[in-house]
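[1] Sequence plus predicted model, see below.
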Number of protein chains: 2
Amino acid sequence: MKVLTKKTDYAIRALLMLAASNGRYLSAKAISDEQDIPYQFLRGLLQELIRLGHVVSKEGARGGFMISRDPDEIRVKQLIEAFQGKVQVSECMFRKQICANRAKCVLRHEIMRIEEVVNNEFERITIGSLLHNLKRIQGQPPA
Amino acid sequence: MKVLTKKTDYAIRALLMLAASNGRYLSAKAISDEQDIPYQFLRGLLQELIRLGHVVSKEGARGGFMISRDPDEIRVKQLIEAFQGKVQVSECMFRKQICANRAKCVLRHEIMRIEEVVNNEFERITIGSLLHNLKRIQGQPPA
DNA sequence: TTATCTGATATCAATATAGTATCAGTTTAT
DNA sequence: ATAAACTGATACTATATTGATATCAGATAA
């Protein structure tokens, strides 16, 4: 079970960098170089972030991307759901009728609880809170 | 993010059925029919459960599979790890050096906490505990 | 008027997941 | 002894997801 795909991971790192660049446009190239994210992959990702309303862009030379939303209101949960879909038990759970199978139903009950905890945690974590932590450790030697 | 793949789901259901059949061998066919699991897929799965030591088999007519371990000691966490790999942040986390990237490191810290919670929960849930719940609700109308 | 950018697509490769098919060999029951 | 009911072991296929690359058009700044 992989909690974050590379895409989500890239998105978080790109947003953190954008959130930290107060008011300046950053080019995809700059983000790609700094965060070591494949350039064309990042381009597509940034387009998605625009569609999600987290980012705006400016075309042409000296153009680039800027964060367009309070970092405290960009939740990791939103990003996971956008790029990986909702946290769910197993794919059929919400399509087939619930409890078609007794055993599955028993398991479901337990897992729903775990899902809720995970969702609450990811809802709590925002780009803003991550940035805060990042600034807090800045200046310390790498672990 | 999908918590359980079909394979893990099938494994849990098959083991629950085996755990409930005190001392009798159940054929792959019987399990397949009852739990609605594709027959050949289940065959392979049962072989894996043998290799994992959860199940033993008997060949020939009237043969089949029997659980070979106390259901309370078969943890859902084990099954998830066997069929889906360890719960992890992102695939590179434990391969590349930790904190090669500051931002990732900040995120990692948060996610490690979540992972721990999830792991503890899945460690707590066993085939035995699920079976117990299953028996408790048996007789009640389907939800 | 060229270099530096984004917008929009199209394509591709690798991997994981889910499912199917087949043949050999074992055991039970008749 | 032999047919039916089983498992052991593989090989194969289909599909979806993930990750990555390439290309062309158009906007903007110096």
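    Arrived safely, thanks for sending.
[2] Quick check, pLDDT for A:Asn22.
    With respect to pLDDT, A:Asn22 has a value of 86.
[3] What is the burial count for it?
    8 (other CB atoms under 10 Å in any protein chain shown). Glycine gets a C-beta too; all of them are placed from N, C-alpha and C.
[4] Now do it against chain B, distance only.
    16 Å (CB to the nearest CB, to the nearest Å).
[5] Which secondary structure state is assigned to that residue?
    Assigned with DSSP: H, G, I helix; E, B strand; the rest coil, A:Asn22 falls in the coil class.
[6] what mean pLDDT does stretch A:135-143 have?
    63.
[7] ditto for stretch A:41-50
    Here the average pLDDT along stretch A:41-50 is 98.
[8] and that stretch, is it in reach of DNA strand C?
    Yes - Stretch A:41-50 lies within reach of DNA strand C by CB under 7 Å from any atom of the strand, at A:Arg43, A:Gly44, A:Leu46, A:Gln47, A:Ile50.
[9] Report the central residue of chain A.
    Compute the mean C-alpha point of chain A, and by CA atoms, centre = their mean the closest residue is A:Leu79, 3.2 Å away.
[10] circling back: compare the residues of stretch A:41-50 next to DNA strand C and tell me which is most surrounded.
    Busiest of the residues of stretch A:41-50 next to DNA strand C [other CB under 10 Å] is A:Leu46, holding 26 neighbours.
[11] so after the helix or strand where that one lies, what's the next helix or strand?
    Here A:Leu46 sits within helix A:39-51, counting by DSSP states H and E. In the C-terminal direction, the helix or strand that comes right after helix A:39-51 (DSSP H and E) is strand A:55-58.
[12] With DNA strand D in mind, check whether stretch A:19-35 reaches it.
    No - Stretch A:19-35 lies out of reach of DNA strand D by CB under 7 Å from any atom of the strand, never closer than 9.6 Å.
[13] which of the residues in that stretch are buried?
    Residues A:Ala19, A:Ala20, A:Ser21, A:Leu26, A:Ser27, A:Ala28, A:Ile31, A:Ser32, A:Gln35 are the ones in stretch A:19-35 that count as buried (16 or more other CB atoms under 10 Å in any protein chain shown).
[14] From those residues, pick the one nearest B:Asp70.
    A:Gln35 (48.6 Å; CB to CB).
[15] Confidence-wise, which helix or strand of chain A is lowest on average?
    Lowest mean confidence among the helices and strands of chain A (mean pLDDT, DSSP states H and E): helix A:102-124, at a mean of 83.
[16] could you check whether that helix is close to chain B?
    Yes - interface with chain B: helix A:102-124 contributes A:102-107, A:109-111, A:113-115, A:117-118, A:121-122 (CB under 8 Å from any CB of the partner chain).
[17] Over to whichever residue of chain A sits closest to DNA strand D. Which of the three states is it?
    Closest to DNA strand D within chain A is A:Gly60: 2.0 Å, counting by CB to the nearest atom of the strand. Under three-state DSSP, A:Gly60 falls in the coil class.
[18] so what pLDDT did it get?
    Looking at A:Gly60, the pLDDT reads 98.
[19] One more: A:Phe94?
    40.
[20] Over to A:Gln88?
    pLDDT, read off for A:Gln88, is 79.
[21] and the closest residue to A:Glu121 other than its chain neighbours, how many neighbours does it have?
    What sits nearest to A:Glu121 in space, not counting adjacent residues and going by CB to CB, 6 or more residues apart in numbering or on different chains, is B:Ile114, at 4.8 Å. Neighbourhood size, B:Ile114 [other CB under 10 Å]: 20.
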